[in-house]
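Peer 1: following is a predicted model, sequence given first.
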Amino acid sequence: MDTEKVDIIIIGGGLSGIYAASLLAPTRSSVVLLEARSRVGGRILCPEHQGFFTDLGPSWYWPMMNPRINALIQVLNLKGYPQFETGHGRFQAKDGHAETIAGYPMQPPAWRLDGGMISLVEGLRARIPEGVIRLNHPVCEVERRDDGVRVTVGHLDQEPRCRLKASRVILALPPRLAARSILFTPDLPYDLAQAMLRASTWMAGHAKFFALYDRADWRRFGLSGQGFSLCGPLGEIHDASNETEQPYGLTGFLGIPALRRNDRDAIIRAMLGQLSFMFGPAAGEPLKLYYQDWAREEFTATEYDMRSAHNHPEFLPPSGKTSFWDGAVYFAGTETADDLGGYLEGALSSAERAASAVIASQDVLRATMG
Ligand SMILES: Cc1cc2nc3c(=O)[nH]c(=O)nc-3n(C[C@H](O)[C@H](O)[C@H](O)COP(=O)(O)OP(=O)(O)OC[C@H]3O[C@@H](n4cnc5c(N)ncnc54)[C@H](O)[C@@H]3O)c2cc1C
C-alpha cells in the first residue's frame, strides 16, 4: 500500500482540529485533516429544521470570558443573541410536584449563536482548501518511524484503508478517547497514557434534547422556559430561541445517568410528559423533537465517560508537556487547553497552541535541512 506523504496530519475535525487546519493551511506546509465521522464538528451537532439549527451539543458562549470565540464570530461575520431569561422558572421536586420560582439568570450572561454553533465550524471550513479535510477517515494507529510519524486509517482488526506519513501530527480529539481507541507504537510512556485516560471528556456522558414549537406558549404564561427537576427525566431545561423569531425551542439535559439511558422511546415519552407538566400541554406536543445521547457516540465517549459525566477535564501530562516523541506529536482539543478546558474557548486556544508549536518546529526543521 502506498503511503501518502504530507508535512502535517491533524487527527479530528471538531472545532479544535478545524481551527488548527485553518491556521496551518495558509503556511508553506501541506496539511491533511483526518475525521472519523461522515461530518465535521465533533461535539458540535446542529440538525436543521426549516432554517433553524438546533444545538444538540454546545449552545452557549460567554462573551465576557470567551475572547477567542468573540473574535471568531466577528471574523466570520456571525451574530449572537442573549439567552432568553424573561419570566419565572419552574422547579420540580423529588416527589414530582412542580412549583413556579423566581428566574435564575446566568452569571456571567450566556449567549447563543444565530445559525447554531455549527456556523463556527462551517465558517472556518470555507477557509480551508479542498482536499485537506478527509471525512470517514478513522485513525486506528499512530507509529513513530525514523523519518516521521505514520498514521493508519481503518480498524485495527481489518486491512488498513490507507496510510499517511508526516513530520508532525496534531491529536485534536479528547485525550482519553485517543488513549482508548488509537494504538500508539511504541507504547506511550505509562505516565502520559494515564494522564490521557484520567482527563475526563467534557459532557461526553450527557444526553441532550431539543424541542421545536411554532409558538412559545410558556412565555405567554410568564415563564422563561427555565426549569430544574430532581426527578427527571430532564434535569435542566432552557428556552432555546431568540426573542421574536419562529420556531421557538426548549432544550436541556437529561438527569438520568448514562448507564440507565437504555430505552430511547421510553425516555422520549417521559420527556414529553414532563414538558407538558412543567410548561403547559402544548409543550408536550412539539413540531419536532431531537434527542442525542453523547455517551453512546463511538467518536466522543469511552466506557469511562458513562460514569464521570460531571468531572471538568484536567489534563496533567508529565512535566506539563503538550507534545511527545521529541515534538513529533502535539495535543490540541479542548480537554488539553491551558484555560477553560472543556469549553469551545478551550478548543480554540489549544488549537492555537498546537498550531504555533508546529509552525515553529517546521521552521526549525526547514532551517536544519536547508
Ligand atoms: C451536550 C454538550 C453541551 C455542551 N455545551 C457547551 C456550551 O454550552 N458551551 C461550551 O463552550 N462548550 C460546550 N460543550 C463542549 C464543546 O462541545 C467542546 O468544548 C468542543 O466542541 C470540543 O471541540 P474539540 O474539537 O476539542 O473536540 P470534539 O468536538 O470532540 O472533536 C474531536 C473530533 O475527533 C474526531 N475523532 C474521534 N476519534 C477519531 C479517530 N480515531 N480518527 C479521526 N477522528 C476522530 C471526532 O469525530 C470529532 O470530530 C458541550 C458539549 C456537549 C456534548
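Peer 2: The structure has been received and is ready for your questions. Residues are numbered from 1 along each chain as shown.

Peer 1: tell me the bridge partners for the closest residue to residue 185 other than its chain neighbours.
Peer 2: Once flanking residues are discounted, residue 185 sits nearest to residue 143: 4.4 Å by Cβ to Cβ, 6 or more residues apart in numbering. From N, CA and C alone the C-beta is placed, and that goes for glycine too. Beta-bridge pairing of residue 143 under DSSP bridges involves residue 150, residue 185.

Peer 1: wait, doesn't residue 143 sit right on residue 149?
Peer 2: Yes - in this structure, residue 143 is within contact of residue 149 by Cβ atoms under 8 Å, at 6.8 Å.

Peer 1: out of the two, which sits in the busier spot?
Peer 2: Using other Cβ atoms under 10 Å, the more surrounded residue of residue 143 and residue 149 is residue 149, with 19 against 16.

Peer 1: would you mind measuring from that one to residue 27?
Peer 2: Distance of residue 149 to residue 27, given as Cβ to Cβ, to the nearest Å: 18 Å.

Peer 1: can you give me the strands in the stretch 151-300 of the chain?
Peer 2: Ranges of strands within the stretch 151-300 of the chain are 162-166, 168-171, 183-185, 207-213, 223-229, 234-239, 248-254, 288-293, based on DSSP state E, counting those that start in this stretch.

Peer 1: would residue 112 count as being in a strand?
Peer 2: Yes - assessed with DSSP: H, G, I helix; E, B strand; the rest coil, residue 112 lies in a strand.

Peer 1: can you start the count at 360 instead of 1 from here on
Peer 2: In the new count, where the first residue is 360, that last one comes out as residue 471.

Peer 1: could you tell me how many residues sit around it?
Peer 2: Neighbour tally, residue 471, other Cβ under 10 Å: 24.

Peer 1: how about it, what does it touch?
Peer 2: Residue 471 is in contact with 414, 418-419, 439-442, 599, 601, counting by Cβ atoms under 8 Å, 6 or more residues apart in numbering.

Peer 1: which pLDDT value goes with it?
Peer 2: For residue 471, the pLDDT comes out at 96.

Peer 1: for it, give its distance to residue 477.
Peer 2: Taken as Cβ to Cβ, the span from residue 471 to residue 477 is 12 Å.

Peer 1: what separation do you get for the spatially most central residue of the chain and the ligand?
Peer 2: By Cα atoms, centre = their mean, the chain has its centre lying nearest to residue 402, at 2.7 Å. Applying Cβ to the nearest ligand atom, to the nearest Å, the value for residue 402 to the ligand is 4 Å.

Peer 1: check residue 485 too.
Peer 2: The gap separating residue 485 from the ligand is 17 Å, by Cβ to the nearest ligand atom.

Peer 1: and residue 550, how many neighbours?
Peer 2: Neighbour count for residue 550, taken as other Cβ under 10 Å: 12.

Peer 1: which bits of the stretch 510-659 of the chain sit near the ligand?
Peer 2: Applying Cβ under 6 Å from any ligand atom, we find that the stretch 510-659 of the chain lies next to the ligand at 531-533, 536, 540-541, 561-562, 565, 567, 653, 658-659.

Peer 1: mind doing that once more with 5 Å?
Peer 2: Selection of the stretch 510-659 of the chain residues close to the ligand by Cβ under 5 Å from any ligand atom yields 532, 562, 565, 567, 653, 658.

Peer 1: who touches residue 691 in this structure?
Peer 2: 369, 371, 375-376, 379, 529-531, 709-710, 712-714.

Peer 1: mind redoing it with 6 Å?
Peer 2: Contacts here follow Cβ atoms under 6 Å, 6 or more residues apart in numbering; on that basis residue 691 touches 375, 379, 529, 531, 709-710, 713.

Peer 1: confirm the residue nearest to the centre of the chain sits in a strand?
Peer 2: No - counting by three-state DSSP, residue 402 is not part of a strand but coil.

Peer 1: in space, what's closest to it - neighbours in sequence excluded?
Peer 2: residue 416 (4.3 Å).

Peer 1: before I go, just wanted to say thanks for your time.
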